[in-house]
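okay, sequence plus prediction incoming.
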Amino acid sequence: MNYRHAYHAGNFADVVKHATLALVIEHMKLKPAPFRIIDTHAGIGVYDLASIEAQKTGEWREGIGRVLDAKLSPEVEQLLAPYLSVVRQLNPADAVIRYPGSPLIARELMRADDRLVVNELHPEDHKALNRLFAHDPQVKVMSLDAWTAVKALLPPPERRGVVLIDPAFEQPGELDRLITALKEGVRRFAGGTYLLWYPIKEQRPVTAFRKKVAELGLPKATAYELTIRDPEDETRLNGAGLIVINGPFTLAAKMKALLPELARVLQQAKGGGFRIENLGNEDPGGVKSVE
Ligand code: SAM
């Protein structure tokens, strides 16, 4: 396991993933019944942007750095508010020095009766997570292999939940493992909301992946993607996507407002853009697939 998220924390892909996660969590809060958030590949939960790792790539400057400096429409400001409130809470008014990972975003947005399970296999990262959530009765920190965690942790006792599956994509076959995990997940917990993250380097494997998700025949499945340049170089992260299963019915319309603006702010070269594609049997909130 060589991947360390500290090199990438706050990059454009984190922005899209974390803004979407925050929108999903906010929607869950509209009903009083408690829910559980399960983060199968959690990382360390909070990142020091002055660390050697973050400084080495500077990726956050082209991600959260740009978003915080950008002039956004009032609608997009509002859509980003839950996510950016967590980022701002961690930082002084005039600088960005720390960035929250998905565990901290979940922890800050959930309510007193909701629960969070964060799972991380890397021994050092797992230790860091343990320190972050020491003595927090609402958070359970685990160190299972994520693919085992999906089986072990579902269904959650609350029967309401959000499952974030955010692999490191270090090994070949991760897209297929995502499909297997999704099948396993919905078999155990059909009503859960799943967010599956995937990298976009070249178009071909992503098109095949989307097709495989569509072939599962799930009622509610939508792909949300953002590219920062033409996806033509397999050695670079040119974009990122999230498949959302059983997302809120309002999510597609929100993403239709959010993604074009994020694409404009985060674009790094020609060919940047966004895509929303319905992969389920139901219409995703009246929004047709768009590119
Ligand atoms: N979800 C985090 C966030 O948004 O802040 C970032 C997670 S990072 C992309 C992927 C994480 O998965 C890494 O910290 C890596 O150590 C961990 N990981 C890799 N393989 C794993 C496995 N089989 N089981 C659990 N964790 C794994």
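Perfect, thanks for sending it.

for stretch 18-38, which positions count as buried?
By 16 or more other CB atoms under 10 Å, the buried positions in stretch 18-38 come out as 18-28, 34-38. Every residue, glycine included, has its C-beta placed from N, CA and C.

whoops, I mixed them up, stretch 204-219
Under 16+ other CB under 10 Å, the buried positions of stretch 204-219 are 206, 209-210, 213-214, 218.

contacts for that stretch next, please.
175, 178-179, 182-183, 186, 198, 200, 221, 223, 225, 231, 241, 243, 245-246, 277, 279-282 (CB atoms under 8 Å, 6 or more residues apart in numbering).

go again with 6 Å.
Contact with stretch 204-219 is made by 175, 179, 200, 221, 223, 243, 245, 279-282, as judged by CB atoms under 6 Å, 6 or more residues apart in numbering.

tell me, how many residues neighbour the residue of the stretch 101-250 of the chain found nearest the ligand?
Going by CB to the nearest ligand atom, the ligand is nearest to residue 101 of the stretch 101-250 of the chain, at 2.8 Å. For residue 101, the count of nearby residues is 28 (other CB atoms under 10 Å).

hang on, it packs against residue 48?
No. Using CB atoms under 6 Å, residue 101 makes no contact with residue 48, being 11.6 Å away.

hmm, back to that, just the contacts of stretch 204-219: which are in strands?
200, 221, 223, 243, 245 (DSSP state E).

spatially nearest residue to the last one, not counting backbone neighbours?
I take that to be residue 245. Nearest non-adjacent residue to residue 245, counting by CB to CB, 6 or more residues apart in numbering: residue 194, 4.0 Å away.

what residues are up against the one you found?
With CB under 6 Å, 6+ apart, residue 194 has these contacts: 163, 185, 245.

neighbour-wise, which one of the residues you listed leads?
Neighbour max across the contacts of residue 194 (other CB under 10 Å) = residue 163, 27 neighbours.

hang on, that residue is in a helix, isn't it?
No. Counting by DSSP: H, G, I helix; E, B strand; the rest coil, residue 163 is not found in a helix; it is strand.

for residue 74, see how far away it is.
32 Å (CB to CB, to the nearest Å).

residue 193 too?
Distance from residue 193 to residue 74, by CB to CB: 27 Å.

what pLDDT is listed against residue 201?
Looking at residue 201, its pLDDT is 97.

and for it, the neighbour number?
18.

and it, what does it touch?
Here residue 201 is in contact with 234, 238 (CB under 6 Å, 6+ apart).

one more time with 7 Å, if that's ok
Residue 201 makes contacts with 231, 233-234, 236-238, as judged by CB atoms under 7 Å, 6 or more residues apart in numbering.

now do residue 82
With CB under 7 Å, 6+ apart, residue 82 has these contacts: 22, 26, 109.

so where does the spatially most central residue of the chain fall, helix or strand?
Closest to where the C-alpha atoms of the chain average out (CA atoms, centre = their mean) is residue 17, at 3.1 Å. Per DSSP states H and E: residue 17 is located in helix 12-28.

can you list contacts of that helix?
8, 35, 37, 62-64, 67, 79-80, 82-83, 102, 105-106, 109-110, 160, 162, 164, 166, 193, 195, 197, 224, 226, 228, 237, 240, 242, 247-248, 250-251, 254, 258, 262, 266.

near the ligand, which residues of the stretch 151-291 of the chain?
166, 168 (CB under 6 Å from any ligand atom).

which residues of the stretch 151-291 of the chain fall in helices?
Under the criterion DSSP state H, counting those that start in this stretch, the stretch 151-291 of the chain contains helices at 174-188, 203-215, 251-266.

what's the most buried one of those?
Sort the helices of the stretch 151-291 of the chain by mean neighbour count, taking mean count of other CB atoms under 10 Å, and helix 251-266 sits at the top with a mean of 20.

what's that helix packed up against?
helix 12-28, helix 64-69, helix 74-89, strand 221-227, strand 273-278 (3 or more CB pairs under 7 Å, 6 or more residues apart in numbering; DSSP states H and E).

this completes my enquiry, with thanks.
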